[in-house]
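any chance you can model this:
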Amino acid sequence: MLCTHNGAGKLKPTLQHLAALVRPAGLPVELVLVNNASTDDTAALTTRVWDELKTPFILSIINEPRTGKGYAIETGYDAAQYAYIVTVDDDNWLREDYLINALTLINTYPDVGIFQAGNEAIFEINPPAWVQQVAGNIAIGSPVKETGYFPKNNYGVWGAGMIVFKNDWMYLRSLGFAVLTSKVPGKAAGEDAELAIALLLLGRKIYYSDCLHYKHYMPAARLNWKSIEKAFQTFGYTSYYIFLYAMVFEAFEKKYILAPFKLRAAFYKQFLRQLKSRGVKNNINYIVKQDVSLNRLILKQYYSTLYWFNKLSGKAMKDIHFIQSWMLPLLERNPNGFRM
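Residues are numbered from 1 along each chain as shown. Reported below is the predicted structural model:
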């Protein structure tokens, strides 16, 4: 499944790599392309390129008019016909053995609900030095260091190249699951972590394998400091919602009823603890300097979380009640002891 918003300018090589995939014998394959409120010629270009590639397998183009990757992911997963879903971003170029290796892993690790891949960055221009510091934050390299199961309680998955199971998705949807993040234009982050939390509560595991590999195209527009600062501001937006998840989890574990005053007190306690962890000097430098540093990005994320808490906390209890509606049945059985 491929979600894209105005991705016509970078879709051709992505489609070419998908067309080159070696398909497991007897396994039907389809490409579900979710055209997420695009105003360019994404749909027409996709159809044209797929025809030029001699239609290697079924192509289904679905229009999702609501801007936001979260909506696109839900629409695409709901529409997928087959047992396994591979999520591909419009800048991901899957290696030709991706499906073959994926099927081997699926058959080898029946307890896994999310398979993760690694990648090699393909830069349009020579990357600035600071890219190495933030590689993991912008999905370059691998989500964990070594092949194997994710460390316990780690839900920091990457949506790019992610493999999930249609039956798991349908079960979560039957409980009422839907993502809260990535439903604001320009805030494409967090939906993968939300799904990982749900699947961990379902008793599934996460597995990273270096035999799942793709190239991650990084255009020049993503390789400037303003762009990376914007990305960390988006991480702050995601962090706000993850905080709500954590509060639902804590309230269940400690058997208390969440109330607005308790939510606010817990948030500010966490926020002040995070600022303190950066040290007085780094906090002062953030205010008085415009330096290019990882510390500045981390603090930008913290302050962005504060911004989103103040902006969205008026509907926090509504969001919490929604999370509880599907999460509590899973928390009550929590088969593998997952903890946030």
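
got the contact list for the residue at minimal distance from the centre of the chain?
What sits nearest the mean C-alpha location of the chain, by CA atoms, centre = their mean, is residue 192, with 3.1 Å. Applying CB atoms under 8 Å, 6 or more residues apart in numbering to residue 192 gives the contacts 157, 158, 159, 162. All C-beta atoms are positioned from the backbone trio N, CA, C, and that covers glycine.

residue 188 reaches residue 71, doesn't it?
No. Proximity of residue 188 to residue 71 does not meet the contact threshold set by CB atoms under 8 Å, at 10.8 Å.

need the overlap of contacts for the two.
Common neighbours of residue 188 and residue 71 (CB under 8 Å, 6+ apart) are residue 182.

where does this protein have its least confident helix or strand?
When the helices and strands of the chain are scored by mean pLDDT, DSSP states H and E, helix 280-288 comes last with a mean of 90.

where along the stretch 101-250 of the chain do the strands fall?
Under the criterion DSSP state E, counting those that start in this stretch, strands of the stretch 101-250 of the chain are mapped to 112-123, 148-149, 163-165, 205-218.

would you list those strands in CSV and tack on distance to residue 340 and mean pLDDT?
Shown next, in CSV, are those (distance: least, CB to CB, whole Å; pLDDT from 0 to 100):
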stretch, distance to residue 340, mean pLDDT
strand 112-123, 16, 98
strand 148-149, 18, 98
strand 163-165, 20, 98
strand 205-218, 14, 97
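
columns distance to residue 247 on top of those, output as CSV?
Shown next, in CSV, are the strands of the stretch 101-250 of the chain (distance: least, CB to CB, whole Å):
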stretch, distance to residue 247
strand 112-123, 24
strand 148-149, 27
strand 163-165, 26
strand 205-218, 23
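
would you reformat the ones you listed as JSON lines and include mean neighbour count and distance to residue 245?
What follows is those, written out as JSON lines (neighbours: other CB atoms under 10 Å; distance: least, CB to CB, whole Å):
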{"stretch": "strand 112-123", "mean neighbour count": "20", "distance to residue 245": "17"}
{"stretch": "strand 148-149", "mean neighbour count": "13", "distance to residue 245": "22"}
{"stretch": "strand 163-165", "mean neighbour count": "22", "distance to residue 245": "18"}
{"stretch": "strand 205-218", "mean neighbour count": "20", "distance to residue 245": "16"}
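
looking at the ones you listed, which is closest to residue 7?
Residue 7 lies closest, by CB to CB, to one member of these: strand 205-218, at 11.1 Å.

list the helices and strands the closest one packs on?
Here strand 205-218 touches helix 8-19, strand 92-94, helix 98-108, strand 112-123, strand 148-149, helix 191-201, going by 3 or more CB pairs under 8 Å, 6 or more residues apart in numbering; DSSP states H and E.

looking at the ones you listed, which is buried most?
A comparison of these by mean neighbour count, using mean count of other CB atoms under 10 Å, puts helix 191-201 on top with a mean of 24.

these two touch, right, residue 73 and residue 87?
Yes. Residue 73 is in contact with residue 87 according to CB under 8 Å; the separation is 7.4 Å.

which neighbouring elements make contact with the strand or helix carrying residue 321?
In the assignment (DSSP states H and E), residue 321 maps to helix 316-333. For helix 316-333, the packing partners by 3+ CB pairs under 8 Å, 6+ apart come out as helix 166-175, helix 191-201, helix 225-254, helix 260-278.

what about residue 80, how many neighbours?
Residue 80 is flanked by 19 other residues according to other CB atoms under 10 Å.

returning to that earlier point: tell me which of the helices and strands packed on helix 316-333 sits most buried.
helix 191-201 (a mean of 24).

now the angle from that one to helix 225-254?
Interaxial angle of helix 191-201 relative to helix 225-254 (axes from the mean of the first three to the mean of the last three CA atoms, to 10 degrees): 20 degrees.

how far does helix 191-201 sit from its chain's centre?
Counting by CA atoms, centre = their mean, to the nearest Å, helix 191-201 is centred 9 Å from the centre of its parent chain.

okay, now the domains of this structure?
With automatic domain parsing as the criterion, the domains of the chain are listed as 2-223, 226-333.

how about those domains in a markdown table, adding distance to residue 339?
As requested, these are exported to a markdown table (distance: least, CB to CB, whole Å):
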| stretch | distance to residue 339 |
| --- | --- |
| domain 2-223 | 5 |
| domain 226-333 | 8 |
